[in-house]
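>>> Dropping the sequence and predicted coords here.
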Amino acid sequence: MDKNRQKLLKKLDRIEWLAKGPKLFRFLNNPARYLDAQMFKRFTYRKEGKGRLEKVKTFFGENMQLLLPAGTDIFLLGAKTHDSEIRLSRFFVKNLASGDIFVDAGAHFGFYSLLAAHLMNNEGIVLSADASKVMFEVLSKNIEGKSAVRAIHRALTANDTDSIEFTEFPILYSEYNTLHAEQFENADWYKNIKPEKINVQGSRIDTLLPFFMLMAKGLSPNARYFVKVDVEGAEHEVIQGFTKFLDNPELKGRIFIVVEYWAGENKQVQHDDAVNFLKEKGFEVCVIDQKGDLKPIQDLNTLKESENLVFRS
C-alpha cells in the first residue's frame, strides 16, 4: 500500500476516535465550527426550515459542498462518521484503484463519489446517481473538474422508465429520500413534515454504464466493479438493473456490491430481497471489519444495527 493511502487510514483512525468519544472531543477539535453547526440545527433551521450551503474539506483533501444540517459529520470531521461508514471508507481506501469502475446509487452530496475519484486518480469511471433535485444540484457542483465522474439526475431502477415517483424530504431528513416513502409513514419524524413528490426518469445500470464506459479515460481492461447502493428500500430494484454484468462469467471475482442493510427493529423486506437475489447469483456475503477487510458472515440475524454489507463474486 502506498504512503498516501496509509496516511488516509491514519486520518480515519483519528476521525473514528473523535466520533466515538464524548462530544467534548468534537468540540475541542474545532470549537467554532462545532458551535456553529449545533446553533444552526437547533435554532436557525428550526425557525426557517432551510438548509445552509457550506464548503468543507474531506479527510482525503478534496473540497466539497453540503447543506447543513445534513452532512454535519462531514462538516465537523471531513468524513461520514457512523461506525459502518468509517469501515466502508477504509475498505475503499484499501481496494479502489486507478482504472476501476464505481457506481454510486443514491449519491447524496457525492462524498463517496469524490472519494472514489480521488483513489482512482480520476482514471476509470464513477457513475454518480441521485433522484433528488436538491441533492443533485449540490452533487453537480461537487464533481466539477472531476473528469472520471458522470453525475445523473435519475433513479436507478430495475426497468428503464420515463417517469417514476420519488419522495424528497426536507434537508434534515434528506438521507431518507426514497422511491418507497410508505416505509416511513409510522415514524415519529414523518408526521411533522411535508415531503415533496417529484417524477424522475428511471434507468437500469445495465443501460447506462456501457455508454459511460465508452467515454472513460484510463479504464483498466481488468477493472473491478464497485457498486454502492444506499437507496432507502429500493436496493433490490437497483441490483436487478445490473444483471447483465452480474451474469457475465468474465467478471467473476471482479464485482463488489455494497448494500446498506437495516438490521434489528429496522429490518426491511426489501433488504432481504436484495440479499437473497445476490446469494442466488453466487455472491458471498461479507461484513467489513475494523481494519477495512472483508469477513464472510453466515447469519445476518446476528447484526444489531445498520451495516454496509459487501457482496463479492
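Alright, I've got the coordinates.
>>> all helices for the stretch 1-150 of the chain, in order.
3-20, 23-29, 31-39, 45-48, 72-77, 83-95, 111-119, 133-142 (DSSP state H, counting those that start in this stretch).
>>> just the stretch 151-300 of the chain next, same as before
With DSSP H, counting those that start in this stretch applied, the stretch 151-300 of the chain shows helices at 205-215, 235-240, 243-246, 269-280, listed in chain order.
>>> weakest of these by average pLDDT?
Here the lowest mean pLDDT among the helices of the stretch 151-300 of the chain goes to helix 269-280, at a mean of 90.
>>> what about the residue sitting furthest away from the middle of the chain, distance to residue 136?
Residue distances from the centre of the chain (C-alpha atoms, centre = their mean) peak at residue 47, which lies 29.4 Å from the mean C-alpha position. Summarising the geometry, the distance separating residue 47 from residue 136, computed by C-beta to C-beta, to the nearest Å, is 27 Å. Just so you know, the C-beta spots here come from the backbone N, C-alpha and C atoms, and that holds for glycine as well.
>>> which other residues reach the helix or strand of the chain with the lowest mean pLDDT?
When the helices and strands of the chain are compared on mean pLDDT, DSSP states H and E, helix 269-280 comes out lowest with a mean of 90. By C-beta atoms under 8 Å, 6 or more residues apart in numbering, the surrounding residues in contact with helix 269-280 are 180, 183, 229, 233-236, 239-240, 246, 257, 259-262, 285, 300, 309, 311.
>>> Residue 61 contacts residue 114, doesn't it?
No: here residue 61 does not reach residue 114: they are 10.1 Å apart, not a contact under C-beta atoms under 8 Å.
>>> Looking at these two now, which is surrounded by more residues?
Between residue 61 and residue 114, counted using other C-beta atoms under 10 Å, the more crowded position is residue 114 (24 against 12).
>>> dump the residue contacts of the spatially closest residue to the more buried one that is not a sequence neighbour.
Counting by C-beta to C-beta, 6 or more residues apart in numbering, residue 114 lies nearest to residue 62, which is 5.0 Å off, once chain neighbours are set aside. For residue 62, the contacting residues are 114, 115, 118, taking C-beta under 8 Å, 6+ apart as the criterion.
>>> Just the CA trace of stretch 150-170, in PDB.
Only the C-alpha atoms of stretch 150-170 are listed here, as PDB (Å, rounded to 0.1, in the frame of the first residue of the first chain):
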ATOM      1  CA  ARG A 150     -20.500  11.400 -14.500                       C
ATOM      2  CA  ALA A 151     -23.500  12.600 -12.400                       C
ATOM      3  CA  ILE A 152     -27.100  11.900 -13.500                       C
ATOM      4  CA  HIS A 153     -30.400  13.100 -12.100                       C
ATOM      5  CA  ARG A 154     -32.200   9.700 -12.200                       C
ATOM      6  CA  ALA A 155     -33.400   6.900 -10.000                       C
ATOM      7  CA  LEU A 156     -31.500   3.700 -10.700                       C
ATOM      8  CA  THR A 157     -34.200   1.000 -11.100                       C
ATOM      9  CA  ALA A 158     -35.000  -2.500 -12.300                       C
ATOM     10  CA  ASN A 159     -36.500  -1.200 -15.600                       C
ATOM     11  CA  ASP A 160     -35.900   1.800 -17.800                       C
ATOM     12  CA  THR A 161     -38.900   4.200 -17.400                       C
ATOM     13  CA  ASP A 162     -39.600   7.800 -18.500                       C
ATOM     14  CA  SER A 163     -41.200   8.700 -15.200                       C
ATOM     15  CA  ILE A 164     -41.200   7.300 -11.600                       C
ATOM     16  CA  GLU A 165     -42.400   8.900  -8.400                       C
ATOM     17  CA  PHE A 166     -39.800   9.900  -5.900                       C
ATOM     18  CA  THR A 167     -40.200  11.300  -2.400                       C
ATOM     19  CA  GLU A 168     -37.900  14.100  -1.400                       C
ATOM     20  CA  PHE A 169     -37.800  15.100   2.300                       C
ATOM     21  CA  PRO A 170     -36.700  18.400   3.900                       C
END
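>>> Give the buried residues for that stretch.
150-158, 164, 166-170 (16 or more other C-beta atoms under 10 Å).
>>> ok so, going back, of all the helices of the stretch 151-300 of the chain, which one comes closest to residue 224?
Residue 224 lies closest to helix 243-246 among those, at 11.5 Å (C-beta to C-beta).
>>> so how far is the closest one from its chain's centroid?
Relative to its chain's centre, helix 243-246 lies at 21 Å (C-alpha atoms, centre = their mean, to the nearest Å).
>>> Which strands and helices lie in contact with that helix?
For helix 243-246, the contact count by 3 or more C-beta pairs under 8 Å, 6 or more residues apart in numbering; DSSP states H and E identifies helix 205-215 as packing neighbours.
>>> in stretch 112-128, what's buried?
By 16+ other C-beta under 10 Å, the buried positions in stretch 112-128 come out as 112-120, 122-128.
>>> Confidence-wise, which of the residues you listed comes last?
Between the buried residues of stretch 112-128, the one the model trusts least by pLDDT is residue 122, at 90.
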